[in-house]
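Enquirer: quick check, what structure comes out for this input:
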Amino acid sequence: MSEFIDCYIGLGSNLGSRASYIRRAIFEISHRITKITAKSFLYESAPWGSFEGETFPYLNAVVLLKTEKSAHEVLDLLQAVENDLGRTRSLPNAPRTIDLDLLFYGNEIIKTERLTVPHPHLSQRRFVLQPLCDISPFFIHPSLGLTAQELLESCQDSQQELPRV
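Expert: Numbering: from 1, shown residues only. The predicted structure follows:
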């Protein structure tokens, strides 16, 4: 029998009915991958990175699930959920109906052509760290050796504490 792995997923949406897309993604994740064991509050944030064109605020959340699936299987299923919810991959940082990121896969460090875990930019992103701290403030980043709370406290993101929605 396989071992269950704690898996953290970041969710974001800045097009259409943002909260509805996040709820639908959570529903799909829980049915396609495994039951979600914890979910954060929703937070609103400004878009991260640059995009030439109209941008809209994001809603963001983080969920924790326990799965027997491999990290690449989880990635495939997350991308299938994104596609089913109308995600189009055009330009980097372009607005999107839903964005699902595999943040952590247990304590594993994975670097392949398709997948890097832990997510390479999460320590710079308050919109990931703040909801992560809602559910696992003492989770230790496997390569940085700092807790989620310590990462949030040292985060250099220009956005201050994000409002809950």
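Enquirer: so where do the helices sit in this structure?
Expert: Counting by DSSP state H, one finds helices in the chain at the ranges 18-32, 71-84, 126-135, 148-154.
Enquirer: return the distance of the last one from the chain's centre.
Expert: This points to helix 148-154. Distance of helix 148-154 from the chain centroid (C-alpha atoms, centre = their mean, to the nearest Å) equals 16 Å.
Enquirer: 313 is where my numbering starts, stick with that
Expert: Noted, 313 is the first residue going forward, which turns the last one into helix 460-466.
Enquirer: what's the closest of the helices of the chain to residue 359?
Expert: Among these, helix 438-447 comes nearest to residue 359, with 9.5 Å by C-beta to C-beta. Placement of C-beta: from N, CA and C, glycine included.
Enquirer: so what touches that closest one?
Expert: The contact list for helix 438-447, computed with C-beta atoms under 8 Å, 6 or more residues apart in numbering, reads 320, 322, 324, 350-355, 357, 360, 370, 372-376, 413, 415, 431, 434-435, 451, 460-461, 463-464, 467, 469, 471-474.
Enquirer: what mean pLDDT does that helix have?
Expert: Per-region confidence: helix 438-447 scores 96 on mean pLDDT.
Enquirer: could I get that helix in PDB with only the CA atoms?
Expert: Output of helix 438-447 as PDB, limited to C-alpha atoms (Å, rounded to 0.1, in the frame of the first residue of the first chain):
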ATOM      1  CA  ARG A 438       2.400  37.000   0.400                       C
ATOM      2  CA  PHE A 439      -0.700  35.800  -1.400                       C
ATOM      3  CA  VAL A 440       0.600  32.300  -1.000                       C
ATOM      4  CA  LEU A 441       2.200  32.600   2.500                       C
ATOM      5  CA  GLN A 442      -0.700  34.300   4.200                       C
ATOM      6  CA  PRO A 443      -3.200  31.600   3.400                       C
ATOM      7  CA  LEU A 444      -0.600  28.800   3.900                       C
ATOM      8  CA  CYS A 445      -0.200  30.200   7.500                       C
ATOM      9  CA  ASP A 446      -4.000  29.900   8.000                       C
ATOM     10  CA  ILE A 447      -3.700  26.100   7.800                       C
END
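Enquirer: OK, contacts around residue 431?
Expert: Under the criterion of C-beta under 8 Å, 6+ apart, the neighbours of residue 431 are 322, 413, 414, 415, 416, 440.
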